[in-house]
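Participant: whatever this is, show me its structure:
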Amino acid sequence: MSISVVLFKSKSCAACGQVEPIYKSAVELYRDKIKSETVDITENLDAAINNGVMTVPTIIFFKDGKEVKRFAGPVSKEKLEETINALG
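Facilitator: Residues are numbered from 1 along each chain as shown. Modelled structure (predicted):
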């Protein structure tokens, strides 16, 4: 079973600046359980379009390559950790 999580963000997004350190802190705790990636939509718009990202920040969780959970907008570290634990 493979779990990955992707943060879609933009440099010009104030909320992204608040969410990114929370995201990094949460995924670092589980680095042996999950793969993580950060995508700046201004540099990789295709990835955002292909994943149906309509707003930033958006965090998408994938299990075995399929989307299983999505957060659009600010999210707490606790909520991220809770989601990782539920999937793992």
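Participant: stretch 58-73: which residues count as buried?
Facilitator: 58-62, 71 (16 or more other Cβ atoms under 10 Å). Using the backbone N, CA and C atoms, a C-beta is placed for each residue, glycine as well.
Participant: now stretch 42-50
Facilitator: Ala48.
Participant: that older thread, could you dump the buried residues of stretch 58-73 to CSV with distance to Phe8, secondary structure and pLDDT?
Facilitator: What follows is the buried residues of stretch 58-73, written out as CSV (distance: Cβ to Cβ, whole Å; DSSP: H, G, I helix; E, B strand; the rest coil; pLDDT from 0 to 100):
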residue, distance to Phe8, secondary structure, pLDDT
Thr58, 4, strand, 98
Ile59, 8, strand, 98
Ile60, 7, strand, 98
Phe61, 12, strand, 97
Phe62, 13, strand, 97
Phe71, 10, strand, 98
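Participant: could you dump those residues into JSON lines and include distance to Ala15?
Facilitator: As requested, the buried residues of stretch 58-73 are exported to JSON lines (distance: Cβ to Cβ, whole Å):
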{"residue": "Thr58", "distance to Ala15": "11"}
{"residue": "Ile59", "distance to Ala15": "12"}
{"residue": "Ile60", "distance to Ala15": "16"}
{"residue": "Phe61", "distance to Ala15": "19"}
{"residue": "Phe62", "distance to Ala15": "22"}
{"residue": "Phe71", "distance to Ala15": "12"}
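Participant: Lys79: which of those residues is nearest?
Facilitator: Checking the buried residues of stretch 58-73 against Lys79 by Cβ to Cβ gives Phe71 as the nearest, at 7.2 Å.
Participant: apart from its chain neighbours, what residue comes closest to Ile41?
Facilitator: Ala48 (4.3 Å; Cβ to Cβ, 6 or more residues apart in numbering).
Participant: just checking, what packs against the lengthiest helix in the chain?
Facilitator: Looking across the chain with DSSP state H, the single longest helix is helix 14-29. Packing contacts for helix 14-29, counted by 3 or more Cβ pairs under 8 Å, 6 or more residues apart in numbering; DSSP states H and E, involve strand 3-9, strand 34-40, helix 77-87.
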